[in-house]
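> make a model of this:
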Amino acid sequence: MQDLRDDAGRALESVGRTGEPAVITRYERPVAVLVGIDEWEELEAFRDSKDAAVIARSRAEGQFVPLSAALESLGVDPREVEALLADRTDGDDLIIHAVGHRKDVYS
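As a prediction, this is how the structure comes out:
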């Protein structure tokens with residue numbers, strides 16, 4: 001951790017340049033991995049495809065999947081969908097129970 005605090009810029013530069021992940025340790029134990037944006041996007045796409053497969057399988061088996069859960073598993077914020085649909089329903093009652101967005105972005 002101390003090395004990362006002292007030279008975070010160099011770690012970011014190295015990961016960005018080489019594409020190789022950097023393991024971050026605390027007390028000599030791995031606690032996190034710093035990866036380049038391309039690898040992160042591939043990981044997210046893989047997770048999204050797994051989520052979509054689970055939803056498709058549940059539908060094929062006739063299992064109920066709440067809309068908010070399906071949207072969240074695909075990385076879509078249900079509140080955004082609710083706002084878009086509310087603009088298009090011309091006052092019709094439409095309720096979508098929003099759940100939190102699963103992706104956190106730190107800058």
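> contacting residues for residue 15?
Shown in contact with residue 15 (Cβ atoms under 8 Å, 6 or more residues apart in numbering): 21-22, 34-36. (Glycine included, C-beta is placed from N, CA and C.)
> again, 10 Å this time
Residues in contact with residue 15 (Cβ atoms under 10 Å, 6 or more residues apart in numbering) are 21-22, 33-37, 39.
> cool, residue 45 as well?
Applying Cβ under 10 Å, 6+ apart, one finds that residue 45 lies in contact with residue 75.
> residue 30 versus that one, what's the distance?
Counting by Cβ to Cβ, to the nearest Å, the gap from residue 45 to residue 30 is 24 Å.
> tell me the SS of residue 20?
Assigned with DSSP: H, G, I helix; E, B strand; the rest coil, residue 20 falls in the coil class.
> number of residues surrounding the closest residue to it other than its chain neighbours?
Distances taken as Cβ to Cβ, 6 or more residues apart in numbering place residue 14 nearest to residue 20, at 7.5 Å, with adjacent residues excluded. Taking other Cβ atoms under 10 Å as the criterion, the count of residues near residue 14 is 15.
> so residue 14 sits in a strand?
No - using three-state DSSP, the secondary structure at residue 14 is helix, not a strand.
> surely it meets residue 22?
Yes - when contacts are counted by Cβ atoms under 10 Å, residue 14 is listed as touching residue 22 (6.7 Å).
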